[in-house]
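J.: got a sequence here, can you build the structure:
(2 chains)
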Amino acid sequence: MVVNQIAVFLENKQGRIYDFAKVIAEAKIDLVSMSIADTEEFGILRAVTSDNKKAVEALKKAGFTVISTDMIGIEIPDVPGSLAKVLKIMSEEKIQIEYLYSYARSEANKAYIILKVADNEKTVQLLNKRGVKVVSDFK
Amino acid sequence: MEKYYDKKTECMSRSELKALQSERLVKLVDYVYNNNAIYRAKMDDIKVKPSDIKSIDDIVKLPFTTKKDLRDNYPFGMFTAPRKNIVRLHASSGTSGKLTVVGYTKKDIDVWAECAARALVAAGADKNSIVHVSYGYGLFTGGLGLHYGAEKLGAVAVPASSGNTARQISLMKDFQANVLCCTPSYAIYLGEEMQKSGVELPDLKIGIFGAEPWSDTMRKKIEKLLGIKAYDIYGLSEITGPGVASECSDQSGCHIYEDHFYPEILDTETLEPLNYNSKGELVFTTLTKEGIPLIRYRTRDITMLKDEKCPCGRTFVKMGRIIGRSDDMLIIRGVNVFPSQIETVLLNYGDGVLPHYEIYVDRFDSTDYFEIRVEMTESIFSDEVKKIEMVKKEMESKLQSMLGISVNVKLVAPSSLPRYEGKAKRIIDNRKY
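T.: Just a heads-up that it's a prediction; the model follows:
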């Protein structure tokens, strides 16, 4: 029960995100969600796509450094306070979150959160036990 | 009036000098052949016996010595004197992580101190001078070299060592320093800091600068900033340290202390000796050294010997400025850096394959900026910023312990650094001298 994510190294240079998006577009891959962590010198673009395997291949071919990582995906109601509720549980269970990002489908009343934690298996078990809906696919 | 530390020696006639050099070379060759297995093997290989060396002109029959000889016989294999006679070690960067180690006997230290004292006097110092030494003290020869020179002269040595610029300035002010010894780039930095804080050093008259290449443009800048006369000093630890050669009041090139260090200039392609006024690789033979005498040691520095009489009265030949290197060594903040040392560290980060990298050196605010650009590879990359920053910091600290100076690592996009079909040009040096 994991969600696969791709991470791409981007130098802080004008046009690099476009270069990435162009490769994805030309490979006819749908971007499901995306977030960028930026530092003074470089950025890490993280994304979930309709076909991560194909995306990794296309990006590598275009000369990007790219790796794929398994993440935890959860589904929560798209109403105020629902994220806090889940984070409270995770805090109580002492699960450290490295980073997270979300995406919400406009027609749905659900929000989806993608989380990076140290131990996926343990986290999924705990979340299941505490009644948080864990998802494995965003398609 | 021109002053000398040892007028008789420094102004001896060229024919007297040649006789002295010949006598010393014959003794030296006999000494190393009988006491150093490596030299004996090198000479036996080309069938040269000590008896073939009758005068300094025969030096061309002798084999060269290189940094590789020192590395292959690390740490003490090239020493000729027995351990009981060695009293000090110094070391400089080697080409692949191993240091180049040199050992001195009591007499070697004494000769070195004498040459440094000659350099101080040639620049105008005397027994009453307060000599502020801002070269690093340690394995590097800069600090202790000038220190012993000042003591030998009977001047006052102030072992300030490097770093803490504000403290350096107040020490010089309080102790009324007359002579400053440091790298030329640090002299500019010191001068600019003094200007910013409005400090003046009316007693400071003389600067002796070396350990990195510089130019007459820098000389003018330093002289104006600090209100002093700036003199060049040349040396390398393999030969002895600072004081192999230094400038006189004429400021027109360093007089080589030829009674101890015999210079040759070689064609970099053929390794054939060149005449005066031709540019080539500088090679030294240490005529009087005991600890680690070196015969025809290739310095890799490119310069020329000047065929001109010096108005100062010294008869020792003058060398021109160092205009380049015949290898890829860089001098950054006075420290020798070899790309091969960098590669040794980077090899740990590319799954056994050397990641593409580039060395970038520039000079901002009179300080050398040193950056190594490394292309991101999958083995370094992570989806977490924290992990990448950790790798970057680890690389920086490993490089620092390998090179002895701090360096910034910049991770760049794959394939973003230029590729070369032949030998890679991995060095961008934008410094202006």
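J.: could you measure from B:A166 over to chain A?
T.: Remark: distance between B:A166 and chain A (C-beta to the nearest C-beta, to the nearest Å) = 28 Å. To be clear about C-beta, it is placed using only N, CA and C from the backbone, and glycine gets the same treatment.
J.: can you tell me the element that residue falls in?
T.: For B:A166, the element it lies in under DSSP states H and E is helix B:165-175.
J.: and that helix, what does it pack against?
T.: Counting contacts by 3 or more C-beta pairs under 8 Å, 6 or more residues apart in numbering or on different chains; DSSP states H and E, helix B:165-175 is packed against strand B:130-133, helix B:184-197.
J.: OK, now which residue of chain A is nearest to chain B?
T.: A:A7 (3.4 Å; C-beta to the nearest C-beta).
J.: what's next to the helix holding B:A166, contact-wise?
T.: With contacts defined as C-beta atoms under 8 Å, 6 or more residues apart in numbering or on different chains, helix B:165-175 is touched by B:130, B:132, B:134, B:158, B:160, B:177, B:180, B:189-190, B:193-194, B:197, B:199, B:201, B:204.
J.: how much does it deviate in direction from helix B:184-197?
T.: Between helix B:165-175 and helix B:184-197, the angle comes out at 80 degrees (axes from the mean of the first three to the mean of the last three C-alpha atoms, to 10 degrees).
J.: buried ones in helix B:165-175?
T.: B:T165, B:Q168, B:I169, B:L171, B:M172, B:K173 (16 or more other C-beta atoms under 10 Å in any protein chain shown).
J.: circling back to that earlier point, how about the residue of chain A closest to chain B, nearest residue that isn't a chain neighbour?
T.: Once flanking residues are discounted, A:A7 sits nearest to B:D383: 3.4 Å by C-beta to C-beta, 6 or more residues apart in numbering or on different chains.
J.: the one you found in helix, strand or coil?
T.: With DSSP: H, G, I helix; E, B strand; the rest coil as the basis, B:D383 sits in coil.
J.: domain parsing for the chain?
T.: Because you didn't say which chain, this covers chain A. Using automatic domain parsing, the domain ranges for chain A come out as A:3-68, A:70-130.
J.: wait, I meant chain B there
T.: B:7-327, B:331-429.
J.: in TSV: these, plus mean pLDDT.
T.: Putting the domains of chain B into TSV (pLDDT from 0 to 100) gives the following:
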stretch	mean pLDDT
domain B:7-327	95
domain B:331-429	88
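J.: need the winner for burial among the ones you listed.
T.: Ranked by mean neighbour count under mean count of other C-beta atoms under 10 Å in any protein chain shown, those are led by domain B:7-327, which reaches a mean of 19.
J.: quick one: terminal-to-terminal distance for it?
T.: Terminal residues of domain B:7-327 lie 37 Å apart, using C-alpha to C-alpha, to the nearest Å.
J.: just how off-centre is it within its chain?
T.: 7 Å (C-alpha atoms, centre = their mean, to the nearest Å).
J.: now do the lengthiest helix in chain B: which elements does it pack against?
T.: Looking across chain B with DSSP state H, the single longest helix is helix B:14-35. Helix B:14-35 sits against helix B:37-45, strand B:280-286, with contacts defined as 3+ C-beta pairs under 8 Å, 6+ apart.
J.: let's see that with 10 Å instead.
T.: helix B:7-10, helix B:37-45, strand B:261-266, strand B:280-286 (3 or more C-beta pairs under 10 Å, 6 or more residues apart in numbering or on different chains; DSSP states H and E).
J.: contacting residues for residue 82?
T.: You didn't pick a chain, so chain A it is. By C-beta atoms under 10 Å, 6 or more residues apart in numbering or on different chains, the residues touching A:S82 are A:I74, A:E75, A:I76, A:K110, A:A111, A:I113, A:V132.
J.: not quite, go with chain B.
T.: Shown in contact with B:P82 (C-beta under 10 Å, 6+ apart): B:N35, B:T105, B:E290, B:G291.
J.: okay if I get those as CSV plus secondary structure?
T.: Shown next, in CSV, are these (three-state DSSP):
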residue, secondary structure
B:N35, helix
B:T105, strand
B:E290, coil
B:G291, coil
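J.: wait, which of these is closest to chain A?
T.: The closest of the contacts of B:P82, once distances to chain A are taken by C-beta to the nearest C-beta, is B:G291, at 46.7 Å.
J.: for the closest one, what are its contacts?
T.: B:76, B:78-82, B:85-89, B:102-109, B:240.
J.: apply 6 Å and report the result again.
T.: Counting by C-beta atoms under 6 Å, 6 or more residues apart in numbering or on different chains, B:G291 touches B:A81, B:I86, B:G103, B:Y104, B:T105, B:D108.
J.: and the helices in chain A, which stretches?
T.: Here chain A has its helices, by DSSP H, at A:16-26, A:52-61, A:82-92, A:120-129.
J.: can you list those helices in TSV and add mean pLDDT?
T.: Formatted as TSV, the helices of chain A follow (pLDDT from 0 to 100):
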stretch	mean pLDDT
helix A:16-26	95
helix A:52-61	96
helix A:82-92	94
helix A:120-129	93
